[in-house]
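Asker: What follows is a predicted structure for the sequence shown.
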Amino acid sequence: MTGAVDTADIPTEHLAEVLGYKMDDHEVVIRKEVVVPELFFIILNTYKEPFNNVYVRQALAYATPYELIVETVYEGYLKINHGGIPMMFPGYTDYKIINYTAIPYEQRMEIAKKLIEKAGIDPSKYTIELWFNSGNPRREKVCTLLAESWNKLGFKVSVKGVEWAVLWDLTSTPEKFDGWTLSWFPDYLDPDNYAGPLFYGGTRFKEVHINIVQSPEEVSKYVKTAKVFDTRNYYVVVGEKGSGAKVNVSGKPFIVVSYVVDEEATKPIEESKAWVNINPAFYRNVTTDALIIAARWESNMDIRIPIYEAIYRATNYEMPCIWLGHYVTAPVEWDWLYGRYIHPTLAVRFDLLWESPDAPTVSTGIKDYVNDPSTYAIAPLYGWVRTFDPAFNYERFGWTILHNIGDTLVTYWKEETKELTPDLAVAWAHDESGTEWYFVIRGGVKAYDPWHDKLYDVTALDALFTIWRIGRLEGDPSWMITEFVDVNSSKVLTEEEFDQILKEKTITTYYRGQVKQVKSLKELLEFFGYDGPTAGVVMFKLYKPYTAFINILAVPFTTIIPAKYLFDNVDELKGKYEEAMEAAEWGKNPSAWAKYIGKGSQEPTHLYLHKYPIGTGPYYIKEYVEKSYLVLEYNPYYWNATLWEQLYGFKP
């Protein structure tokens, strides 16, 4: 350790090698350990034998040496969770679940053997190959421990490392794999971002309805079949739409989810693709699929939470994946660094950190750059940024950079997870249906183009263009837009047009725990405590009401990009900005942009942003050498630079 970096991502198996290392009067420390929502699990191929048998899956769960994995592989930096929703998210519950670690391992093995007998299979006839991504020694150790334990049940289990790209390809269809390891980090803060990707089986529905009733007799009015989940405050009943179903429980109100399956629209499992239209375990259960869809489109959290508790219980019982637990993060840093915080989805904002004045000055080994008290240097664990184009970036280090050079419409302040903070949008509201969301854009914001030393105004038009472009290009994170937002029916409004809508329609806003119906733009801005300039309003049209939509707008892939920057610099678009904006009626008809913006990884605007990012955030990219280093410098045009004066008495 030379002090060339202030903090580094150190694998926990190497922590002992660096903790306590000293330089002058300083040392390397861990100030805080935090359980993060990154969920680690083993995916089982439930499309093939023997994993298509729930008793086999439960047997494997009981036969998993959780404690050994936690202590010998993760040195205690893994917290056990027996279901598919993180323990810090709504929907997690320990109410009436199967606790696979409630008794000692030896007793669990006896239960596992009885479950194998109950499954009616001969385990000696099955060969299981567990895959892990090559070069990941921890996952190799986990698979090895699982193999040793599951072999005791009579299975023939082996372990194999596979290159990541090959692994991803081989597990995208159900024919070629048995089981493999993965961890899932949330894209946005909502349990749907776990239930959907990890458990949804791809069943399509013509109808899904939710009804709240008080008695078992009333349940029979809505469903002809009934699966009952006992949650803390409700019985959640799910079944095929009809009548006559009987339930034999009482004492709590009932949430009744009824459904009608669309058989023609539902792809057969063998034709489905993991992560696209089915979960990675290729597990399909119509009743839990109905619960996932019902919870997704329900706006009342008092109803959503019990439904997600039912989903959690289903993941715990059905075990399409062997859920191992959450990682515990332990940031390693020199004790001269202050202000470090941990958010479940967003990276740390570098400008919110500071160092003590007596921090040493040390060469970084990069040109003449030094690490001194006014410089923050990090050594990331996650490799190089795959692309600087937000519309295609779907990886952690890339989102770290985007979060520091750009702005989204809304954000979270430091460790906050329950309340959103205005960013480029100073206020927001939605209509009575929950399908029209309005965002008032902050005025006076400039995006800095460091490659040409040029500034661009940012307005509501750019906000719409950014989100529209994400959907159009169909990059990796685009599903978070295309699944929920009808980008071509979204539009830009003037403040006067929005003010008229507020007068004529029922528009509701919420902020800092308060909910209010507003009748004017002035009233809305006062509710948010904003009295500065504005730059138009963008309205996003949703296909259906989706409570978590606004959470998606805090994710760095939605970093706002000024449209004119692309039209000024992309050869195919130069000189066409006015033409394109007029064709789109300055945001009233965004579908017209399709003439100028194409699709896919070879699309010209993507190829340009891939190398030359622009942003409105606290930093800009001063220079970089691909796969080597990247230098950020304070953005002198940052709209919120007064924050630095308040915190540090500093202005660039």
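Answerer: Noted; the coordinates are in hand. Residues are numbered from 1 along each chain as shown.
Asker: From now on I want contacts and neighbour counts done on CA atoms only, so please keep to that.
Answerer: Noted.
Asker: What is the neighbour count of the residue nearest to Lys454 when sequence neighbours are not counted?
Answerer: The shortest distance from Lys454 to any non-neighbouring residue, by Cα to Cα, 6 or more residues apart in numbering, is to Tyr448 (6.1 Å). The tally of other residues near Tyr448 (other Cα atoms under 10 Å) stands at 28.
Asker: Doesn't Tyr448 belong to a strand?
Answerer: Yes - according to DSSP: H, G, I helix; E, B strand; the rest coil, Tyr448 belongs to a strand.
Asker: which residues sit in contact with it?
Answerer: Tyr448 makes contacts with Lys454, Leu455, Tyr456, Ile614, Gly615, Thr616, Tyr620, Asn635, Tyr637, as judged by Cα atoms under 8 Å, 6 or more residues apart in numbering.
Asker: now do Leu521
Answerer: Contacts of Leu521 by Cα under 8 Å, 6+ apart are Glu495, Phe498, Asp499, Leu502.
Asker: any idea which residue sits dead centre in this protein?
Answerer: Geometric centre of the chain, nearest residue: Asp187, 1.1 Å, by Cα atoms, centre = their mean.
Asker: That one touches Asn193, doesn't it?
Answerer: Yes - between Asp187 and Asn193 there is a contact at 6.9 Å, judged by Cα atoms under 8 Å.
Asker: Relative to Ile378, how far out is the residue nearest to the centre of the chain?
Answerer: 23 Å (Cα to Cα, to the nearest Å).
Asker: re the thing from before, quick one: pLDDT of the residue nearest to Lys454?
Answerer: Per-residue pLDDT puts Tyr448 at 98.
Asker: Output the below-cut-off pLDDT ranges for this structure.
Answerer: 1-3, 381-382, 651-652 (pLDDT under 70).
Asker: Swap in 80 and give it another go.
Answerer: Along the chain, the parts satisfying pLDDT under 80 run over 1-4, 9, 11-13, 31-32, 380-383, 650-652.
Asker: domain assignment for it?
Answerer: 7-33+330-379, 34-203+266-329, 396-648 (automatic domain parsing).
Asker: and the first one, how far apart are its ends?
Answerer: Going back to what we said before, that points to domain 7-33+330-379. OK, domain 7-33+330-379 end separation, Cα to Cα: 7 Å.
Asker: how far is that domain from where the chain is centred?
Answerer: Computed by Cα atoms, centre = their mean, to the nearest Å, the chain-centroid distance of domain 7-33+330-379 equals 26 Å.
Asker: ok, now stretch 140-154?
Answerer: Worked out by Cα atoms, centre = their mean, stretch 140-154 lies 31 Å from the chain centre.
Asker: Could you list the buried residues of it?
Answerer: If you call a residue buried by 16 or more other Cα atoms under 10 Å, then stretch 140-154 has these buried ones: 140-151, 153-154.
Asker: can you check stretch 62-78 too?
Answerer: Buried, per 16+ other Cα under 10 Å, within stretch 62-78: Tyr62, Ala63, Thr64, Pro65, Tyr66, Glu67, Ile69, Val70, Val73, Tyr74, Tyr77, Leu78.
Asker: and which of those residues is nearest Pro373?
Answerer: Using Cα to Cα, Tyr77 is the member of the buried residues of stretch 62-78 that sits closest to Pro373, with 30.9 Å.
Asker: doesn't Thr329 make contact with that closest one?
Answerer: Yes - with contacts counted by Cα under 8 Å, Tyr77 reaches Thr329, the gap being 7.1 Å.
Asker: Just the residues contacting the helix ranked longest in the chain, thanks.
Answerer: If you go by DSSP state H, the chain has its longest helix at helix 301-318. Helix 301-318 has contacts (Cα under 8 Å, 6+ apart) with 54, 57-58, 82-85, 90-93, 96-98, 191, 195, 199, 229-234, 236, 255, 288, 291-292, 295-296, 298.
Asker: So which of these belong to helices?
Answerer: With DSSP H as the criterion, helices contain Val54, Arg57, Gln58, Ala195, Phe199, Thr288, Leu291, Ile292, Ala295, Arg296 from among the contacts of helix 301-318.
Asker: So which residues of the stretch 1-150 of the chain form helices?
Answerer: Per DSSP state H, counting those that start in this stretch, the stretch 1-150 of the chain carries helices over the ranges 15-18, 54-62, 66-68, 105-119, 137-151.
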